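Just a sequence and a predicted model for now, questions to come.
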Amino acid sequence: MAKIIAGIGASHVPAIGAAIDNGKTEEPYWKRVFAGFEKSQAWMRELKPDVAIIVYNDHATAFSVEMIPTFALGCAAEFPPADEGWGPRPVPVVEGHPALASHIAQSVILDEFDLTICNKMEVDHGMTVPMNLLFGKVDKNSHWPCPVVPLAVNVVMYPPPTGHRCYMLGRAIRKAVESYPHDLRVVIFGTGGLSHQISGPRAGLINSKWDKNFLDNLSKDPKKLMKIPHVDYMREAGAEGIEMVMWLVMRGALDDKVDEVYRFYTVPASNTAVGHIILQNKKYGAAKKAATKSTRPAVKHKRAAARVKVDRKRS
Ligand SMILES: [Fe+2]
């Protein structure tokens with residue numbers, strides 16, 4: 001049986017991708033941002049998931065404003081990086097997992113979430129930037145460490161889905177994964193945000209208090225976040241802050257109570273607040289003590305690590 005082990009929240013600021021691609025990660029401005037993901041990359045190398053489900057939004061690359069699915073699931077065998085105006089990013093083609101994706105589509109649609117099925121799709125920085133942040137820089141001619149099932153969510157044109165809908169979709173995805181008959185250790189990403197607004201009179205808006213409160217509730221009391229209306233995201237976190245609803249798909253796919261393994265928050269990157277969190281289902285425990293010294297209380301490692309070893313033997 002497949003199982004979701006952990007959830008990852010990460011901003012997907014396009015300038016982060018440009019900094020990686022143009023060799024600027026050691027510059028002081030960017031070093032501050034990338035340093036916050038070093039522990040996460042060590043954690044991910046240790047965890048070695050079999051598949052990642054990545055919840056992200058397309059930025060008018062795969063979908064134009066002529067056609068905007070609310071939820072679109074990538075069922076293809078591969079997803080090439082999109083040309084976002086200056087050529088595709090120099091990252092590997094993202095390998096898909098058509099068997100798991102098709103299973104999720106069937107289970108979730110029969111659970112009354114009407115996904116759009118994409119058998120051909122390019123992916124933009126919304127997906128590849130968080131992959132770099134968690135997997136590190138990967139040579140264009142090499143391979144990402146694991147296949148990916150992409151789930152694109154409309155947060156670019158009104159009306160986006162509600163936080164409640166996103167959370168419940170996460171629940172349905174979890175049910176789908178747990179009914180997949182083959183052993184897979186799955187992680188799920190929620191990407192985007194945190195507070196930012198890229199145009200208009202409030203361009204440059206960042207609300208750290210709101211962001212940190214969102215992260216606190218995501219960890220401890222996610223059901224509180226389900227009730228936040230769109231207008232609150234727009235007012236408190238800026239026009240593009242609505243991307244944060246995608247983190248609720250990730251959170252809905254996890255247990256009610258989770259261990260917060262790691263958290264990182266910094267401002268700004270470009271004109272955006274960068275947020276990052278790693279949440280792990282308690283029964284799978286922390287993969288390793290290393291790389292998990294959190295700013296928040298972390299899991300008791302010894303017994304949890306032992307359980308992981310047992311789980312791995314079984315799977
Ligand atoms: Fe975005």
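Everything's here; your move. As the structure is a computational prediction, the values presented were derived from the model and not from experiment.

max-length helix in the protein?
helix 163-178 (DSSP state H).

Next up, phi/psi of the residue of the chain most remote from its centre, please.
Relative to the centre of the chain, the most outlying C-alpha is that of residue 201, 29.1 Å out, by C-alpha atoms, centre = their mean. Backbone torsions for residue 201, taken as degrees, to the nearest 10, come to phi -60, psi -30.

quick one: pLDDT of it?
We have a pLDDT of 94 for residue 201.

State the helix or strand in which residue 73 lies.
Per DSSP states H and E: residue 73 is located in strand 71-74.

what's next to that strand, contact-wise?
Strand 71-74 is contacted from outside by 58, 63, 96, 101, 104-105, 108, 113-118, 121, 123, 148-154, 161, 169, using C-beta atoms under 8 Å, 6 or more residues apart in numbering. In short, each C-beta sits where N, CA and C put it, glycine included.

now the helices: where do they sit in this structure?
Counting by DSSP H, the helices of the chain are 14-21, 28-35, 38-47, 98-110, 125-135, 163-178, 208-220, 222-226, 230-237, 245-252, 301-314.

what's the closest of the ones you listed to residue 279?
helix 208-220 (6.4 Å; C-beta to C-beta).

what packs against the closest one?
Under the contact criterion of 3 or more C-beta pairs under 8 Å, 6 or more residues apart in numbering; DSSP states H and E, helix 208-220 touches helix 222-226, helix 230-237, helix 245-252, strand 258-269, strand 272-281.

buried ones in it?
Buried residues in helix 208-220, defined by neighbour count with 16 or more other C-beta atoms under 10 Å: 210-211, 214-215, 217-219.

Could you do stretch 90-98 as well?
91-94, 96-97.

Find the residue closest to residue 219 in space, skipping its chain neighbours.
In space, and not counting its chain neighbours, residue 219 is closest to residue 260: 4.6 Å by C-beta to C-beta, 6 or more residues apart in numbering.
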